[in-house]
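A.B. asks: Here you go, sequence then predicted model.
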Amino acid sequence: KVRFICVDADDSKIISRVSLENGLRVTFSRSGHILGSCGITVNWGFSEEDPKGKSIHFSGDVGSNFESNCYLPLLKHNHLPFPDVDYILTESTYGGRIRDEKYKSSKNRLDALRELIDETVFKNNGKLIIPSFSIHRTQEIMVDLYCILSEEGMRERIKNHIGSMHGSDLKNFAVYVNSTMGCKANSLFAKELLSKLDSGKYKYKNNLLPVDDSILMRLFEDGFYKFNDNNCFIKVMDGKSKIETSAVNGSVFIASSGMCDAGAITGYLKLLGDNPNNTIVITGYQSRGSRGFKILNGDDPEVKARVADMSGYYSAHADESGLLDYIFSLDGYEQKNKNGTTVFINHGTDESKNALSLSLRSRADGNKDGDRKINDVVVLSEKNNYFDLNSGDMICVASRDGSIDHMESLSLLHDKIDKLTELDESLLVGKRQS
């Protein structure tokens, strides 16, 4: 029998704790990566005699917003690992890379986007094409564009621009958001981003976001917002609407997919990508082999439009300095675990994992006041995937010196877990069909 629990249903608590069995519980804490992301702490082996037991914290994707600087628009800061956790398993996506401070500023981000609108639309009579991930990135850009377009100076610029377009079909400054998945995600953002605790505080919404809830509801739930002077609006399309019509009438387009390989963005690139007066704005990671990667590096022969890279401003992953602060910060609390915390490094390239390992060891050696004490740093790989969390020892493969071979028994255990998972999934599917 599969039992599902909505871990975020209790509005009285900022974190969600679920007891699974006696001496086993899981705690979910907020992440600033995207809406719904979280860190997970597992506690086991605790009792009245040993109320602490053992614990491991899984970071998941660590967001860029920290309490000292919540510069990305939508979410509050990451919750940090508990002070006494025995183990931390962390991602290392940006290990070895530190983002320039100019990117960690909401003012600089809005200034850069406003400048692109000014140069492309007002000076060159062009259009702004923004490939965007459907979930979270699209909603961030929608809010940023609202903030810019609601400025009094921008409103006057738009009015003058439309008035200067004699003989043109341009009657409005239109922002079109074209994404099937993004349209569905918007409804979720309307509900969950604005949810509050019993205390009246927001669960997730960034307290620094200068946009009223009523406006966010109109953007995300209604999918349409018209500014008071009626010559500027933001409209969400379901991804099935005709791209040709919006491409003619619009000035700014936010469309999926974020890496330009599929979705509505391919239509906009086909219609508008060959015009040097237009600008393609890259706002997220582009994997090698994707069309977005080729566009970003000037290797797409069909694209003649200007290409601007704003991904640094919008990156939802903490850089190395953020990862270090996430791991070391005790947030003013005392670390009672005198043996220190063991850090496992995962989810990254070999280069990023090894770079983060060196930086962790270097900072740990400095014994900075207020920092978490680190006992050991382990870079996970295929050669050392098994670790006894109760004893704190690596599980070794049998060797000539007589080390015990636990690998076969662990492999059998994995097979059993896989079979149970498959059984649970088949039972769930059968229940839904019935």
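C.D. replies: Yes, it's here.

A.B. asks: The helix or strand hosting residue 362 packs against which elements?
C.D. replies: Taking DSSP states H and E as the definition, residue 362 sits inside helix 350-365. The criterion is 3 or more CB pairs under 8 Å, 6 or more residues apart in numbering; DSSP states H and E, and the helices and strands that helix 350-365 contacts are helix 320-328, strand 341-345, strand 374-379. Where you see a C-beta, it was placed from the backbone N, CA and C, and this is true even at glycine.

A.B. asks: and among those, the most buried is which?
C.D. replies: Mean neighbours per residue, mean count of other CB atoms under 10 Å, is largest over these for strand 341-345, with a mean of 23.

A.B. asks: which other residues reach that one?
C.D. replies: Here strand 341-345 makes contact (CB atoms under 8 Å, 6 or more residues apart in numbering) with 85-90, 92, 95, 327, 335, 353, 356-357, 360, 372-380, 387, 392.

A.B. asks: Could you do stretch 213-222 as well?
C.D. replies: With CB under 8 Å, 6+ apart, stretch 213-222 has contacts from 139, 142-143, 146, 186-187, 189-190, 193-194, 224-225, 234, 236.

A.B. asks: try 7 Å this time
C.D. replies: Stretch 213-222 is touched from outside by 139, 142, 146, 186-187, 189-190, 193-194, 224-225, 234, with contacts defined as CB atoms under 7 Å, 6 or more residues apart in numbering.

A.B. asks: got it, and stretch 182-198?
C.D. replies: With contact meaning CB under 7 Å, 6+ apart, stretch 182-198 is reached by 11-12, 14, 35, 74, 134-135, 138-139, 202-205, 213, 216-217, 220-221, 223, 236, 238-239, 256.

A.B. asks: Which stretches in the stretch 51-200 of the chain count as strands?
C.D. replies: Using DSSP state E, counting those that start in this stretch, the strands of the stretch 51-200 of the chain run over 54-58, 87-90, 128-131, 173-178.

A.B. asks: any chance of the helices and strands packed on helix 350-365 in CSV, with distance to residue 280 and mean pLDDT too?
C.D. replies: Below are those laid out as CSV (distance: least, CB to CB, whole Å; pLDDT from 0 to 100):
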stretch, distance to residue 280, mean pLDDT
helix 320-328, 28, 98
strand 341-345, 35, 96
strand 374-379, 37, 95
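
A.B. asks: Now do the helix holding residue 362: distance to the chain's middle.
C.D. replies: Offset of helix 350-365 from its chain centre (CA atoms, centre = their mean, to the nearest Å): 23 Å.

A.B. asks: related to what we said a few turns ago, generate a PyMOL selection restricted to the buried subset of the contacts of strand 341-345.
C.D. replies: With 16 or more other CB atoms under 10 Å as the burial test, the buried ones among those are selected in PyMOL as follows:
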select buried, resi 85+86+87+88+89+90+92+95+327+335+353+356+357+360+372+374+377+378+379+380+387
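
A.B. asks: ok, back up a step: and the helix holding residue 362, which residues are buried?
C.D. replies: Here helix 350-365 shows 352-357, 359-360, 363-364 as buried, counting by 16+ other CB under 10 Å.

A.B. asks: I'd like to know which of the residues you listed is nearest to residue 114.
C.D. replies: If you rank these by distance to residue 114 using CB to CB, residue 352 comes first, at 32.9 Å.

A.B. asks: ok, back up a step: nearest to residue 19, out of the helices and strands packed on helix 350-365?
C.D. replies: strand 341-345 (23.6 Å).

A.B. asks: quick one: strands adjacent to the closest one?
C.D. replies: Strand 341-345 has its sheet partners listed here by DSSP bridges as strand 87-90 (parallel), strand 374-379 (parallel).

A.B. asks: Quick one: closest of those to residue 313.
C.D. replies: Among the strands paired with strand 341-345, the nearest to residue 313 by CB to CB is strand 87-90 (23.9 Å).

A.B. asks: Where do the helices of the chain begin and end?
C.D. replies: 106-117, 137-149, 152-164, 180-192, 213-217, 243-249, 264-272, 291-296, 311-314, 320-328, 350-365, 407-433 (DSSP state H).
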